[in-house]
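Peer 1: Generate a structure from the sequence data that follows.
(chains A, B and C)
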Amino acid sequence: MTEISPSSTPTPGPAGTASAGALTPASQRPPSVTRQVLRRPASLVAGGFLLLLVVLAVAAPWLAPYDPNAQHLADKLAGPSGAHPLGTDEFGRDVLSRMIYACRVSMSAPFISVGVACVIGVPLGLWAAFRGGAVDAVTGRIADTLLSLPGFVCALAIVAVLGPSLVNAMVAVGLAYSPGLFRIVRGATLSVVEEEFVDSARSVGASTPRILGVHVLPNIAAPLTVQVSLLMGLSLILEAGMSFLGLGVRAPTASWGTMLRSAYENQWEAPMAVLPAGVAMVLTVLAFNTMGDAIRDALGARGRR
Amino acid sequence: MSTPTMLARPAHRAEATPLLSVQGLTIDLEAGTTQRGLVEDLSFDLAEGTSLALIGESGCGKTLTSRAVLGLLPRHLKVSGGSVMFEGRDLVRASEQELRQVRGASIGMVFQEPMSCLDPTMTIGDQIGESRRLHLGENRRTARKAAQALLDRVGIPHADRRVRSYPHELSGGMQQRAMIAAAIACSPKLLIADEPTTALDVTIQAEILDLLRELREDLRLAVLLVTHDLGVVADFCDEVVVMYAGHAAERSTVERVIGSPAHPYTRALHASTPSGASARTYLEVIEGRVPAAGSFPAGCRFEPRCPHATAACLQPQPEVELPGGHRTRCGRVAAGELTLGEEA
Amino acid sequence: MSVAVFVRRVLAALLVMFLVSLLTFFLGRMVPGDPAEILAGDGASAETIAGIRSSLGLDRPILVQYGDWLYGATHGDLGVSLFSGQPVADSISTAAPPTLSVSLLALVIAVAVGVSAGAVAGLNQGRWLDRVISGLSGVGIAIPGFWLAMVLISILTISNPWLPATGYEPLSAGIGPWLSHIIIPALALGLAAAAELARHTRGCVADVLDRPYIVAARARGASGFWLVRKHVLRNAAIPVVTVVGLQFGRLLGGVVVVEAVCGVPGLGTLATSAVLESDYPMIQAYVLLCAVVIVLVNLLTDVAYAVINPKLRAA
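Peer 2: Okay, here's the model as predicted:
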């Protein structure tokens, strides 16, 4: 078959790819992930919002107008007013202050859960992918078994054993999500391990920890980060659900879950009281998801190995 | 390569209007400003029953051109100038409705990778009969019978069984035959074949080309063949358009383009094909790279790599007709400064 | 799919169910509290407690207890509730219909709304319809089902008494009452799940539209409804079906809190009180039931997947 001599083959690329390449002919590398993420207005807003929540959580005692547990019994279930911009709950506690303090719980909760999930899922995933064989089969079966339960049900069962409290609920949620994370880390690691550069690294005598650290981890960072940001939002919702049922945070501690509970119990008198905590939750989860999407797109734009 | 043996074919002069007439076709990227002229000012005519090849390397715009004829360009590309006249209608300016009536009816198309171009969830019988159902109003059973006959016609054994097969149950060669069957189902006048044999084994390639030849004779099909293979062009086509970086470098009959090329690119192409070289010489390679879509030179697009380039070549090079109907974009050849005779 | 593959899938499912039962049993045993003491009540004597213990079989080796429990479970005996003293199986069979009603209706809503919205978005990529749907589904994913239920109650019940606020009426009481009680929880759960489905479906449809065989079909003259019906939907359905199966699992989790919000006396309510009271036989039974349902749904999804995808149908 007669062939034309090979030369570089540029094909017209898709329009609109956010790329600075057109201005710098010398450099072919797309900008770093952080820069790409920060360039989008959506992720700037989302990141800013999350940062705001962290600030509120840390500086709550200075920013909240009232003590979150202080009861102003004369003003029970009042609507928004000058003294109480978001109204009061059934015990006369200022909703705004409770919201600010709730950030402490509701922002730390996802970190605990995701932390637990990572501590279990990541090392096991790496190990299973690396070792293969019996280790992989056994861990795989266990993960499949756990995955046949909905996350919430898993968390319920674990809280039944550990007892209801915020930390226990969060650990439970983390344990519930670890098989999913395990699967993703295992899958991502497998696809890297199969690449030839790991074989060549091994052939020059690189040790396993070194291979893991230098070659594998940077490559699985991508799907891992995306999954983590998704899990943050999901854990938040799960924590709220558990606290709502009385299985997580206990009254009178302010968390969005407990605030929803008290709003629910007084729904007939104050139907709109369900809004503040709920909206806060939705916005936070939205922020986490937006960041996750931005990171995923940025990593995708860099192409695969 | 020795002078190709061509079957004697009566010369089709353009006394009658050509079946397909592309004039000044220009394709751009829709939104961006940097990628323009992916195909620029391309013109060629295709008479009934004849075959014309668009030949060039990957990225020269030949596939885009073939898609543009039927209005099947990807979303982000569009025809920004020129016309595609077919049966008295400009397909570029036709509505989606009008194009629908042409596709699969008077123009059929065959694609490069048959496996990915056949719907995996539909039997090949249904896919072959699809255009008959759409254009001739046949019902499923009638269409399937016609499909069976077509499968037979394209040389697939056990057509009665194969009609109910799914694409993944067929070999590559058979899939391509099925695609051809689907393309000619309504007896079109023009068949566009986009690298129909590139993805196939060498032995199968010859069979597919034979099949296309047969069908061309039997159905008086005009064929627009997109390829990068000079050998196929020599064997199969009457006329050829050599494309480089979105431009028609030269175009004429196959004998003239191969025998006495009028563009340095064609000349270099020839020299770099294995059968074009004689034994015990180095295979010539064209230095440099095809320019990227965003950075086409303003003048001759081949100038950076051309061994015969001069300062004048930096100016835009229009297409010039040489005596005898041979057209070239090389200003130097057109001006008679350069003769690229027969290769050694 | 071939019989051999099907059998293998069933065996794998059975293995998972067996492992889950092991897990559930031992998890239940880790729940704090001595069941014999709890059942005996306050102030019971040591002999009474010991007597109860042996009648419950708690003095036998742990593996034997597991075997007994498993045997019982497969025969409909899931033990006795530590809280109510009633057989667990009875409580579950009373609580199952409300949960099933809500979950199934929620799934129907999720698929009907989510898949169609996603398909419409995918077919109109880049246009305003797509932007609106994608935006809505992006926000929808962030909305917890139980909060949506609360909002719906506030709007549809409290501010305007169109629907009953809480409770459940079985089908036997008539379709109207049955529907009016489960519509809010089902809508809340279903719409929340619909957002995720819409996103996924949009991606699948957009992916199919970019495939070469779609261009080839268009080159034959296919377009509009014909193209969508004959080529796009069938191919997009394949990945969508798998996600529908997964969504049902998440629905089973979400229904727990929604039941609490809407006052539906279903399995979720049962499970919540079981956890709060450390009623481990109930917890065990509930977890086992969830796992069994999900494994079955996954199996069904696999079968459906094989039916739609001709590549897997070959004998």
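Peer 1: thought C:Thr157 was touching C:Ile183?
Peer 2: No. Taking C-beta atoms under 8 Å as the definition, C:Thr157 is not a contact partner of C:Ile183, at 10.8 Å. The C-beta positions use only the backbone N, C-alpha and C, and glycine is treated the same way.
Peer 1: residues shared between the contacts of those two?
Peer 2: Each of C:Leu163 lies in contact with both C:Thr157 and C:Ile183 under the rule C-beta atoms under 8 Å, 6 or more residues apart in numbering or on different chains.
Peer 1: quick one: stretch C:82-102 near chain A?
Peer 2: No. Stretch C:82-102 does not reach chain A (C-beta under 8 Å from any C-beta of the partner chain); its nearest approach is 11.9 Å.
Peer 1: how about low-confidence regions in the stretch 101-250 of chain A?
Peer 2: A:196-198, A:201-202, A:206-209, A:211-213 (pLDDT under 70).
Peer 1: one more time with 50
Peer 2: In the predicted model, the stretch 101-250 of chain A carries no residue with pLDDT under 50.
Peer 1: Tell me which residue is most central in the chain.
Peer 2: Just so you know, I chose chain A. Closest to where the C-alpha atoms of chain A average out (C-alpha atoms, centre = their mean) is A:Met232, at 2.1 Å.
Peer 1: not what I meant, chain B
Peer 2: Geometric middle of chain B (C-alpha atoms, centre = their mean) lands on B:Val226, at 2.4 Å.
Peer 1: Now do the nearest residue to C:Ser154 once chain neighbours are set aside against A:Trp256, distance only.
Peer 2: Spatial nearest neighbour of C:Ser154, excluding adjacent residues (C-beta to C-beta, 6 or more residues apart in numbering or on different chains): A:Pro271 at 3.9 Å. Distance, A:Pro271 to A:Trp256, by C-beta to C-beta, to the nearest Å: 18 Å.
Peer 1: Among the two, which residue is more densely surrounded?
Peer 2: A:Trp256 (30 against 18; other C-beta atoms under 10 Å in any protein chain shown).
Peer 1: Skipping its backbone neighbours, what lies nearest that one in space?
Peer 2: Among residues not flanking A:Trp256 along the chain, A:Ala277 sits closest, at 4.2 Å (C-beta to C-beta, 6+ apart).
Peer 1: That neighbour: what's it in contact with?
Peer 2: Contacts of A:Ala277 (C-beta under 8 Å, 6+ apart): A:99, A:102, A:240, A:256-257, A:259-260, A:263.
Peer 1: quick one: which of the residues you listed sit in helices?
Peer 2: A:99, A:102, A:240, A:256-257, A:259-260, A:263 (DSSP state H).
Peer 1: neighbour-wise, which of these leads?
Peer 2: A:Gly257 (33 neighbours).
Peer 1: isn't it right up against A:Val249?
Peer 2: Yes. Here A:Gly257 lies in contact with A:Val249, judged by C-beta under 8 Å, at a distance of 6.0 Å.
Peer 1: list the residues that contact both of the two?
Peer 2: By C-beta under 8 Å, 6+ apart, the residues touching both A:Gly257 and A:Val249 are A:239, A:243.
Peer 1: What are the buried residues along the one helix or strand B:Arg177 maps to?
Peer 2: According to DSSP states H and E, B:Arg177 maps onto helix B:172-183. Of all the residues in helix B:172-183, those buried under the rule 16 or more other C-beta atoms under 10 Å in any protein chain shown are B:173-183.
Peer 1: In a markdown table: those, plus pLDDT and distance to B:Arg213.
Peer 2: Compiled in a markdown table, those are given as follows (pLDDT from 0 to 100; distance: C-beta to C-beta, whole Å):
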| residue | pLDDT | distance to B:Arg213 |
| --- | --- | --- |
| B:Gly173 | 91 | 16 |
| B:Met174 | 93 | 18 |
| B:Gln175 | 94 | 19 |
| B:Gln176 | 94 | 15 |
| B:Arg177 | 94 | 14 |
| B:Ala178 | 94 | 18 |
| B:Met179 | 94 | 17 |
| B:Ile180 | 94 | 12 |
| B:Ala181 | 94 | 16 |
| B:Ala182 | 95 | 19 |
| B:Ala183 | 94 | 15 |
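Peer 1: how about those in a markdown table, adding distance to C:Ser21?
Peer 2: A markdown table is the format used below for those (distance: C-beta to C-beta, whole Å):
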| residue | distance to C:Ser21 |
| --- | --- |
| B:Gly173 | 53 |
| B:Met174 | 50 |
| B:Gln175 | 49 |
| B:Gln176 | 54 |
| B:Arg177 | 55 |
| B:Ala178 | 51 |
| B:Met179 | 53 |
| B:Ile180 | 58 |
| B:Ala181 | 56 |
| B:Ala182 | 54 |
| B:Ala183 | 58 |
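Peer 1: Once you drop chain neighbours, what's closest to whichever residue of the stretch 151-300 of chain B sits closest to chain C?
Peer 2: Going by C-beta to the nearest C-beta, chain C is nearest to B:Tyr166 of the stretch 151-300 of chain B, at 4.5 Å. Nearest residue to B:Tyr166 in three dimensions, chain neighbours excluded: C:Pro310, at 4.5 Å (C-beta to C-beta, 6+ apart).
Peer 1: Show the contacting residues for the one you found.
Peer 2: C:Pro310 neighbours (C-beta under 8 Å, 6+ apart): B:120-121, B:166, B:168.
Peer 1: now those: which count as buried?
Peer 2: Buried, going by 16+ other C-beta under 10 Å: B:120-121, B:166, out of those.
Peer 1: how close does the residue nearest to B:Leu46 when sequence neighbours are not counted get to B:Arg100?
Peer 2: Excluding its sequence neighbours, the residue lying closest to B:Leu46 (C-beta to C-beta, 6+ apart) is B:Leu20, at 4.1 Å. As judged by C-beta to C-beta, B:Leu20 and B:Arg100 stand 18 Å apart.
Peer 1: now A:Ile295
Peer 2: The value you get for A:Ile295 to B:Arg100, if C-beta to C-beta is used, is 42 Å.
Peer 1: For stretch B:98-115, what is the distance to the chain centroid?
Peer 2: 13 Å (C-alpha atoms, centre = their mean, to the nearest Å).
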